[in-house]
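Student: Okay, predicted coordinates and the sequence, questions at the end:
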Amino acid sequence: MTALSIVIPVFNERGNIGPLVHEVVQHLRGRVPFDIVCVDDQSEDDTRDVLTALKAEVPELRVLVHHRRSGQSTAIRTGVKHALSPWIATLDGDGQNDPADIPKLLAARDEGDAQTRLYAGWRVDRKDTASKRWASRWANGIRQRLLRDDTPDTGCGIKLFERATFLDLPYFDHMHRYLPALMQRAGWKTVSVPVSHRPRGSGQSKYTNLGRALVGIKDLMGVSWLIQRSRVTAVSEIGTGRKP
């Protein structure tokens, strides 16, 4: 049985996905039983053909294809639903997340407590354009003031979380950017772990600063409403002290 599933949402990443998958194998094979689930969100280039060819080289690789383009959050959720393992690590398909950081997240989990269900990457030295870094700092500042999720970087694609806990969260488009707040709303702890960040190898970003900001405002209001309306309490079973 696999102990970890690596979920990678992919859209138009023909030049990045092959090296990324091989890096995952390099850093995990022999360390932990794993599978890799790549979810192609109706790529317009030959990303799907690249993934098909990779399957012959990487037996741990599974490829899922959306019948219509559905966005990154849906692609992540699709991968998690079809994952074989109780714990999930996510990576962005552009290769900017370093798979070498996955063992670091696993080590943080092994040293953490049972109430922590999300270990979120924190890009301490981002390799993006100045405008993108500025927009991210601005958005993170507003989010932290409104949601109080005590998370310096929710946009980082590399995360480690428990599969069952994730699937129990409310689902909506762009939810992957609010995982710390949603986990905390559900009564769980979250931890931010410093990770590396790399320049994009090929292709171009799928988001613009303006487009991300316009969508983010609406999502932020919705998550804030969810938190204000939530009622979460710890539960124990009488006679055992166990928390279900």
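Tutor: Good, I have the coordinates.
Student: CA only for contacts and neighbour counts going forward, please
Tutor: Fine.
Student: those strands in this structure, which residues are they?
Tutor: 4-10, 34-40, 61-65, 87-90, 116-123, 159-162, 189-195 (DSSP state E).
Student: Reformat the ones you listed as a markdown table; add distance to residue 46.
Tutor: As requested, the strands of the chain are exported to a markdown table (distance: least, C-alpha to C-alpha, whole Å):
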| stretch | distance to residue 46 |
| --- | --- |
| strand 4-10 | 11 |
| strand 34-40 | 11 |
| strand 61-65 | 13 |
| strand 87-90 | 22 |
| strand 116-123 | 29 |
| strand 159-162 | 27 |
| strand 189-195 | 30 |
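Student: do you know which of those strands lies nearest residue 153?
Tutor: strand 116-123 (5.4 Å; C-alpha to C-alpha).
Student: residues in contact with the residue nearest to the spatial centre of the chain?
Tutor: Ranked by distance to the mean C-alpha position of the chain (C-alpha atoms, centre = their mean), the top residue is residue 90 at 4.1 Å. Contacts for residue 90 (C-alpha atoms under 8 Å, 6 or more residues apart in numbering) come out as 6, 7, 8, 76, 157, 158, 159, 160.
Student: pretty sure the fifth one contacts residue 121?
Tutor: Yes - shown here, residue 157 and residue 121 form a contact pair, counting by C-alpha atoms under 8 Å, at 7.3 Å.
Student: the more surrounded of the two?
Tutor: The residue with more neighbours, out of residue 157 and residue 121, is residue 121; 29 against 24, by other C-alpha atoms under 10 Å.
Student: Spit out the contact partners of the more buried one.
Tutor: Counting by C-alpha under 8 Å, 6+ apart, residue 121 has contacts 105, 153, 154, 156, 157, 158, 159, 192, 193, 194, 195.
Student: Repeat that for residue 36.
Tutor: Residue 36 neighbours (C-alpha under 8 Å, 6+ apart): 5, 6, 7, 8, 21, 60, 61, 62.
Student: Just give the number of residues close to the closest residue to residue 66 other than its chain neighbours.
Tutor: Using C-alpha to C-alpha, 6 or more residues apart in numbering and skipping residues adjacent in sequence, the residue nearest residue 66 is residue 41, 5.2 Å away. Neighbours of residue 41 under the rule other C-alpha under 10 Å: 24.
Student: Same check on residue 33?
Tutor: Residue 33: 14 neighbours (other C-alpha under 10 Å).
Student: do residue 152 as well
Tutor: Neighbourhood size, residue 152 [other C-alpha under 10 Å]: 18.
Student: Quick one: low-confidence residue ranges for this structure.
Tutor: Applying pLDDT under 70 to the chain flags the ranges 127-148, 203-236, 239-244.
Student: that older thread, thinking the residue nearest to residue 66 is in contact with residue 65, fair?
Tutor: Yes - with contact defined as C-alpha under 8 Å, residue 41 reaches residue 65; the gap is 6.3 Å.
Student: What values do phi and psi take at the residue nearest to residue 66?
Tutor: phi -90, psi 60 (degrees, to the nearest 10).
Student: among the strands of the chain, which is nearest residue 178?
Tutor: Nearest of these (C-alpha to C-alpha): strand 116-123, 10.9 Å.
Student: Dump the contacts of residue 36 into JSON lines; add distance to residue 126 and neighbour count as well.
Tutor: What follows is the contacts of residue 36, written out as JSON lines (distance: C-alpha to C-alpha, whole Å; neighbours: other C-alpha atoms under 10 Å):
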{"residue": "5", "distance to residue 126": "25", "neighbour count": "26"}
{"residue": "6", "distance to residue 126": "22", "neighbour count": "28"}
{"residue": "7", "distance to residue 126": "22", "neighbour count": "28"}
{"residue": "8", "distance to residue 126": "20", "neighbour count": "28"}
{"residue": "21", "distance to residue 126": "22", "neighbour count": "23"}
{"residue": "60", "distance to residue 126": "30", "neighbour count": "18"}
{"residue": "61", "distance to residue 126": "28", "neighbour count": "20"}
{"residue": "62", "distance to residue 126": "30", "neighbour count": "19"}
